[in-house]
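> could you work out the structure for the sequence below:
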Amino acid sequence: MRLFLDSFWRALAYCLMPRVIVLSLLPLAMLLLLSVSWGYFYWTPTQDWLRDILTSWQVLPSMMAWLQAQGAAHLQAVMVQLVMIFAITPVLVVISLLAVSLMMTPALVDLVAHRRFAHLALKHGGSTVTSLIWTVSSTLAAMLAMVISLPLWAVPPLMFIVPPLIWGWLSYRVMVYDALVQHASREERLKIGRKHRVWLLLIGVLTGYMGALPSLVWASGALFVAAFLVLIPLVIWIYALVFAFTSLWFTHYSLAALEVLRAESDTVVMGASVPLPTVVDAPPVALVDDSHTPQPPSL
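Numbering: from 1, shown residues only. This is a model prediction of the structure:
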């Protein structure tokens, strides 16, 4: 419980640091860059291609007639552009979040390690390849669990329990590995996972519920189409901030648990090498009477 609460408030405090705030704003910058680049190079070709598809599927005339019946005929001139924006925006959002998540996690782990745990030696219990394999395998396992448990989502109580448990388990698996991959050995990482599994899973579940908060903004955007494009940056920023807080919480807890583990096992390895004490040979024992020999002053 002490590590749980201590790592929580530390993660919360770190979210107020300028470096973390800048990292959480990276998705917005990437989204803006991708949007401007796509609009500059592909706006007209994509618009023509989408208009041809909608016309061939007889969707565009139906949409025009529906707008006419709803009294929104003024939107007919920009119907294709609106469909294109609504279709491409989720793709740009996902690309931005995935790219930033890959950059954000190592930066946050380095931030915590340098500020609090610089004394911990790096045992390199994994590599970039093993981290990628671990992430992909854990994600596939979580997706399989989602598919298997899909019938349970129809039961009102379970629909609020099963998905957060699965995503909490996934967050615990992936983020703890990323937090310890450089500092802990494989044996230490496994020990921490066994000893702190309940608390780490609880962190994953709680942050999983926090990750559902942006869904409220998406629902608002679906209801208020006019404000949808304005709400998208807010949703992306919330997602990125929740991701940063989750990564910080797991990192603070995992590295603190590693520090405690090494202290308990008397194997605290410092990051800087400490010179061994110089061994001084004891003076030989006198075999004859040396009472008349001048003796050095006692220290």
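> how far away is the spatially closest residue to Y177 that is not a sequence neighbour from R189?
Leaving out its chain neighbours, the residue that sits closest to Y177 by C-beta to C-beta, 6 or more residues apart in numbering is W134, at 5.2 Å. Just so you know, the C-beta spots here come from the backbone N, C-alpha and C atoms, and that holds for glycine as well. From W134 over to R189 the distance is 11 Å, taken as C-beta to C-beta, to the nearest Å.
> before we move on, back to that, A helix includes the residue nearest to Y177, no?
Yes. With DSSP: H, G, I helix; E, B strand; the rest coil as the criterion, W134 is located in a helix.
> isn't it right next to G126, touching?
Yes. With contact defined as C-beta atoms under 8 Å, W134 reaches G126; the gap is 7.5 Å.
> which of those two has more neighbours?
Neighbour count, other C-beta atoms under 10 Å: between W134 and G126, G126 has more, with 19 against 16.
> tell me who's in contact with the closest residue in space to that one that isn't next to it in sequence.
Leaving aside its sequence neighbours, G126 sits nearest to V181 (C-beta to C-beta, 6+ apart; 4.1 Å). By C-beta atoms under 8 Å, 6 or more residues apart in numbering, the residues touching V181 are 124-127, 130-131, 189.
> between these, identify the one with the most neighbours.
That'd be R189 among the contacts of V181, by other C-beta under 10 Å, with 22 neighbours.
> okay, now the residue lying closest to that one once chain neighbours are set aside: neighbour count?
Among residues not flanking R189 along the chain, L180 sits closest, at 4.8 Å (C-beta to C-beta, 6+ apart). When neighbours are counted by other C-beta under 10 Å, L180 registers 25.
> distance of L180 from I192?
Here L180 is placed at a distance of 7 Å from I192 (C-beta to C-beta).
> what do the two both touch?
Both L180 and I192 are contacted by 254, 258, under the criterion C-beta under 8 Å, 6+ apart.
> returning to what we had before: so what sits against both of W134 and G126?
Here W134 and G126 have Y177 as joint contacts, going by C-beta under 8 Å, 6+ apart.
> so where's the stretch 101-250 of the chain uncertain?
The stretch 101-250 of the chain contains residues with pLDDT under 70 at 101, 154-156, 212-232.
> for K191, give me its contacts.
L261.
> not counting sequence-adjacent ones, nearest residue to R197?
Leaving aside its chain neighbours, R197 sits nearest to Y172 (7.8 Å; criterion: C-beta to C-beta, 6+ apart).
> ramachandran angles for the one you found?
The phi/psi pair for Y172 (degrees, to the nearest 10) reads phi -60, psi -40.
> ditto for L120
L120 adopts backbone torsions of phi -80, psi 130, taken as degrees, to the nearest 10.
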